[in-house]
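Undergrad: coordinates for the following, if possible.
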Amino acid sequence: MATGHRQGAQPPAPPARRPPTLVPLPDGELNRIPYAALSDPSNPSQRLVQAVQLRLLTSGRDLLPGEPSSAGQLPLVVAGPDFGGARPWAALPAAAQEGQQVASQLKATLIAGTAATTTALKQARGPSVLHVASHGFFLPAANGGDPLLDSGLVLAGANRSGLPNQPSAAPTTATRKSGAGDDGYLTAKEAAQLQLDGTQLVVLSACDTGSGTVQGGEGVYGLQRALTVAGARSTLLSLWKVDDDATAQFMRRFYDLLKAGKGRMEALVQVQEEFRTNPPVRDWRDHKYWAAWQLSGDVAPLPGL
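TA: Numbering: from 1, shown residues only. Coordinates of the predicted model:
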């Protein structure tokens with residue numbers, strides 16, 4: 001009896017070669033590198049993240065398997081806070097629209113306007129996805145102090161408290177340290193106390209949310225570290241100031257890809273490439289509109305999204 005393949009059948013194609021995985025654990029100023037914008041040294045026409053599977057770590061803990069999300073933990077969207085005046089924080093109409101869009105995509109609970117307070121965020125209990133669309137801040141205190149007070153999120157009522165970490169805001173800073181009251185700011189110190197066990201992804205759709213105080217050998221003291229301590233399995237944060245309208249479109253597409261079954265890093269790489277080559281607005285090809293977004297932690301798909 002003849003051996004081999006049946007007549008007319010073709011031998012199976014070899015499995016597709018998977019790109020190598022690069023797992024950096026950046027320290028110091030390396031945390032400020034926009035890895036999404038780096039070119040592949042062996043092929044400068046493409047980005048590094050197209051040639052390797054990139055997984056940025058914040059600590060060795062990121063390599064441990066995470067606990068599955070408990071049933072019934074709905075995604076939570078906090079967006080478009082009412083800052084209580086025009087200054088110092090201007091309203092963000094596109095952030096409010098983004099919140100409505102993302103909440104619809106994820107069938108999430110939406111907290112917006114005057115309800116989008118620091119207190120409301122502190123009361124959240126392990127949403128599977130947490131998406132916040134607002135202003136972020138990184139304002140190191142002139143006299144040093146706790147670096148986890150230097151960065152955070154701006155939420156409802158913040159304009160009544162002035163700028164954080166400034167001499168004129170001394171009472172506000174004291175309030176944050178004591179943990180009492182709601183001054184409209186969620187500092188990284190407070191973010192570390194959020195209840196994010198079971199939260200698979202935190203997206204801070206705001207300016208400078210990936211910034212923080214760099215301490216050699218200790219990494220960046222800021223929101224990324226705080227959210228990881230709070231239990232988040234992955235974070236998507238920005239390295240610099242981002243455009244309101246472009247960010248809203250970017251996030252809509254990112255969640256479309258996640259819902260289609262893409263992994264977290266795979267979805268991010270694809271939407272960044274779409275913005276780089278064929279964005280909704282031509283000016284958005286510039287890296288400042290898409291390369292700020294940095295994913296750390298788990299890169300796997302989000303089942304059940």
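Undergrad: so after the helix or strand of the chain with the lowest mean pLDDT, what's the next helix or strand?
TA: Lowest mean confidence among the helices and strands of the chain (mean pLDDT, DSSP states H and E): helix 170-178, at a mean of 43. With elements assigned by DSSP states H and E, the helix or strand that comes after helix 170-178 is strand 185-187.
Undergrad: which strands and helices sit next to whichever helix or strand comes after that next one?
TA: Next helix or strand after strand 185-187 toward the C-terminus (DSSP H and E): helix 188-191. The helices and strands touching helix 188-191, judged by 3 or more Cβ pairs under 8 Å, 6 or more residues apart in numbering; DSSP states H and E, are strand 151-154, helix 223-230. C-beta coordinates here come from the backbone N, C-alpha and C atoms, glycine included.
Undergrad: in TSV, list the ones you listed along with mean pLDDT, mean neighbour count and distance to residue 282.
TA: Output for the helices and strands packed on helix 188-191, formatted as TSV (pLDDT from 0 to 100; neighbours: other Cβ atoms under 10 Å; distance: least, Cβ to Cβ, whole Å):
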stretch	mean pLDDT	mean neighbour count	distance to residue 282
strand 151-154	96	28	30
helix 223-230	93	25	32
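Undergrad: any chance of a markdown table for these, columns distance to residue 241?
TA: Shown next, in a markdown table, are those (distance: least, Cβ to Cβ, whole Å):
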| stretch | distance to residue 241 |
| --- | --- |
| strand 151-154 | 13 |
| helix 223-230 | 15 |
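Undergrad: those: which one's closest to residue 128?
TA: Nearest to residue 128, of all the helices and strands packed on helix 188-191, is helix 223-230, at 14.5 Å by Cβ to Cβ.
Undergrad: need the next SSE after the closest one, C-terminal direction.
TA: strand 234-238.
Undergrad: next, the angle from that next one to helix 223-230.
TA: With axes from the mean of the first three to the mean of the last three Cα atoms, to 10 degrees defining the directions, strand 234-238 sits at 160 degrees from helix 223-230.
Undergrad: now strand 234-238: average pLDDT?
TA: Confidence for strand 234-238, expressed as mean pLDDT, is 95.
Undergrad: got the contact list for that strand?
TA: Contact with strand 234-238 is made by 58, 136, 200-210, 223-224, 227-228, 254, 264, 268, 292-299, as judged by Cβ atoms under 8 Å, 6 or more residues apart in numbering.
Undergrad: flag the shaky bits of the stretch 51-200 of the chain, pLDDT-wise.
TA: Counting by pLDDT under 70, the ranges of the stretch 51-200 of the chain that qualify are 54, 56-72, 142, 166-180.
Undergrad: in it, which spans are strands?
TA: Assigned by DSSP state E, counting those that start in this stretch, the strands in the stretch 51-200 of the chain fall at 53-54, 76-81, 109-113, 129-133, 135-138, 151-154, 185-187.
Undergrad: out of the ones you listed, which gets nearest to residue 33?
TA: strand 53-54 (11.5 Å).
Undergrad: list the buried residues in stretch 183-200.
TA: Going by neighbour count (16 or more other Cβ atoms under 10 Å), the buried part of stretch 183-200 is 183-192, 194, 196-200.
Undergrad: and it, how far from the chain's centre?
TA: How far stretch 183-200 lies from its chain's middle: 13 Å, per Cα atoms, centre = their mean, to the nearest Å.
Undergrad: residue 145 is nearest to which of the strands of the stretch 51-200 of the chain?
TA: Of those, nearest to residue 145 by Cβ to Cβ is strand 185-187, at 11.5 Å.
Undergrad: what does that closest one rub up against?
TA: Applying Cβ under 8 Å, 6+ apart, the contact partners of strand 185-187 are 118, 121-122, 137, 148-149, 151-155, 158, 161, 164, 172, 176.
Undergrad: with those residues in mind, which one is nearest to residue 233?
TA: Closest to residue 233 out of these is residue 121 (18.1 Å), distances taken as Cβ to Cβ.
Undergrad: what is the burial count for the closest one?
TA: 20 (other Cβ atoms under 10 Å).
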